[in-house]
Structure formats: structure tokens, C-alpha cells
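Colleague: structure, please.
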Amino acid sequence: MDWNAITALASVISMVAFVLTALYVRAELKHLDKDRYLSVTNQLYATWSSQEFMEAQLWLLHRLDSMTWEQFVETHRGDFGEGAFHRVGSFYDRVGTLVRLGLIQEEEILSTVGAYAIAVWQKLEPLVREARRIENSVLFDDFERLLPACYECYVPALGEGAQVIPFSIHQPSSGGASTRPAPGHAMPVPPAPARKAAPPARHGHPAGPRISQKELKRKLDRGEKITVLDVWGVEQVARDPRRLPNSLYIPPSDIRTRYGELPKDHELVVYCA
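Modeller: Numbers count the residues shown, from 1 in each chain. Sure thing, here's the model as predicted:
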């Protein structure tokens, strides 16, 4: 009896059994991930499409008229308005948390809810920013981080610098020059983080007006708290290394990893030639 041959055969059989076991475990884990994903997304859709949630969301979109947190508290503390604020804001914040943790795929969920998330944030943003200074410094942080991905799902074909107001009758065309900042102009946007190496101007507040160089200079001369974000591409910088004085330079390819450098407490002006 050739013990060496038997030992070699046993080793091969053990190796094959190990590989098959690993493949089986991997398949089971993928199955569990799929089940978990379906369970989470089904729960999100069930919440989002419920009558109670839709009533709260439509109230925020069409009936909320408070312009400051103090006014909102004075008018709606303890009534339907406060409930709608927290119900809807917390839902999108939880979606942002699940996306950040990799538990759901943003492309799947945001293709349905992304436009509503943008519209809701436009109504809640001034209240949220004041509430962060007064009551809760991290209120709806993950909701805000989710917005760039919402824009990418909602307006993927409009190009860089597109300015879109969800559910507005007048929207920019995909090839229109009016959707892009004119040369020598910068576009002020609220301090929201950017993702996926996309230009911040596309992911800012869609209703933000353009600002001329002279107006920006006047603001800076008056000492207003403004950060100028320069988002020239690397190739542009190589051709022309001159930078705006005291500006923050972040190339589009680095925005995803450096969004934490963007200010959260004052105006951000995005500049791109």
C-alpha cells in the first residue's frame, strides 16, 4: 500500500472540500445580503408610500411657510407641523445612514425618492441649519450627505452646473447654455458635502443665484464670512497655475474624500472658469 499516494489523495480531497465549503458559505452570505437588502428597501418603500408619510411630506412641500426655526417652533411646536418635520426629515436621514453604511444601493432607492428628497431639503434647509445651532448640532446630517447622490439620480443627463428645482414647470434643457455659469462668474451654493467626484455647483442648492466678480469682491471687502471654493480640473491648473487669493482649491476628483473641509456655518461660493 502506497501511503504517500493515499496521503496526497487525502490532501487533494481536503482541499476540494475546503474550496466547496468556502463557495457554499459565500453563496449563503450573498443570499442573506440579498434578503436583507430586499427587507430594508421594502420597509423604506412601505414607509415612504404610506398615507401618513405622504400627507406629512406634502404639508412640508406646499404649506410650510416658516422662514426661521424660531418662527417654526412658535407656530408649530406640538402640532402636525413639528411631527411632519421630524417624520419626513428623519426618514431621509435614515436613508442616508443606510447608504453611508453600505446597507442599501443608493441608485435603487433614490431613483424613486431622490427628487422628493431634494424638494424637501430645499424647504427644510434654513430651519435645519438654525436648529443645529440651537438644539441639535447633527440634525439630519446624513440627509444632507445624501443630496449629491439624489441630484445624480434625478438629473444625470443635464450636465455640469445644471440647476434644477424638482417639480418646477420650467426646467433647463439638456444642452442649454443657461444651465452653466458664465465665464468669470461664480455660483453660491449652501455648504453641502459632495460625492462621486462631481462638481459642487451641480450638487448645491438649485435655486442659488449667480454672483459676479465685483459683487463677490464687495462681499469679501466688507468682511462677510464667505469661502471661495475653486474647482478647476487638474489639467486646467497645469495650464494656468494662478489661483484666487485665499480660496480653497479642491479638484473634482478629490471632492469625495475632502468634503469634510467644506464649511458648514457660512456661505460657500463655487468658482469654475
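Colleague: quickly find the element holding V228.
Modeller: With secondary structure defined by DSSP states H and E, V228 is part of strand 226-230.
Colleague: who does that strand pair up with?
Modeller: With DSSP bridges as the test, strand 226-230 is paired with strand 248-249 (parallel), strand 267-271 (parallel).
Colleague: what about the following helix or strand past the shortest one, average pLDDT?
Modeller: Secondary structure here is assigned by DSSP H and E; on that basis, the next helix or strand after strand 248-249 toward the C-terminus is helix 255-258. Across helix 255-258, pLDDT averages out at 73.
Colleague: quickly note the distance from E224 to L268.
Modeller: 12 Å (Cβ to Cβ, to the nearest Å). Just so you know, the C-beta spots here come from the backbone N, C-alpha and C atoms, and that holds for glycine as well.
Colleague: try S14
Modeller: From S14 over to L268 (counting by Cβ to Cβ), the distance is 60 Å.
Colleague: from memory C150 sits against V120, does it?
Modeller: No: here C150 does not reach V120: they are 10.0 Å apart, not a contact under Cβ atoms under 8 Å.
Colleague: between these two, who's got more neighbours?
Modeller: The neighbour comparison of C150 against V120 (other Cβ atoms under 10 Å) goes to C150, with 26 against 23.
Colleague: how long is stretch 218-235 end to end?
Modeller: Criterion Cα to Cα, to the nearest Å; first-to-last residue distance in stretch 218-235 is 30 Å.
Colleague: buried residues, it. List them.
Modeller: 219, 226-232 (16 or more other Cβ atoms under 10 Å).
Colleague: quick one: mean pLDDT over that stretch.
Modeller: On average, the pLDDT along stretch 218-235 is 81.
Colleague: measure L147 to D141 for me?
Modeller: When distance is defined by Cβ to Cβ, L147 is 11 Å away from D141.
Colleague: same question, D93
Modeller: In terms of Cβ to Cβ, D93 sits 7 Å off from D141.
Colleague: again, but for D265
Modeller: D265 sits at a distance of 14 Å from D141 (criterion: Cβ to Cβ).
Colleague: between the two, tell me which one has more neighbours.
Modeller: For D265 versus D141, the count of surrounding residues by other Cβ under 10 Å is larger for D141: 18 against 10.
Colleague: what sits against the more buried one?
Modeller: The neighbourhood of D141, defined by Cβ atoms under 8 Å, 6 or more residues apart in numbering, consists of 93, 96.
Colleague: go on, L124?
Modeller: For L124, the contacting residues are 60, 85, 88-89, 140, by Cβ under 8 Å, 6+ apart.
Colleague: export those residues to JSON lines and append columns for neighbour count and pLDDT.
Modeller: As requested, the contacts of L124 are exported to JSON lines (neighbours: other Cβ atoms under 10 Å; pLDDT from 0 to 100):
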{"residue": "L60", "neighbour count": "21", "pLDDT": "92"}
{"residue": "F85", "neighbour count": "24", "pLDDT": "95"}
{"residue": "V88", "neighbour count": "26", "pLDDT": "95"}
{"residue": "G89", "neighbour count": "21", "pLDDT": "95"}
{"residue": "F140", "neighbour count": "25", "pLDDT": "94"}
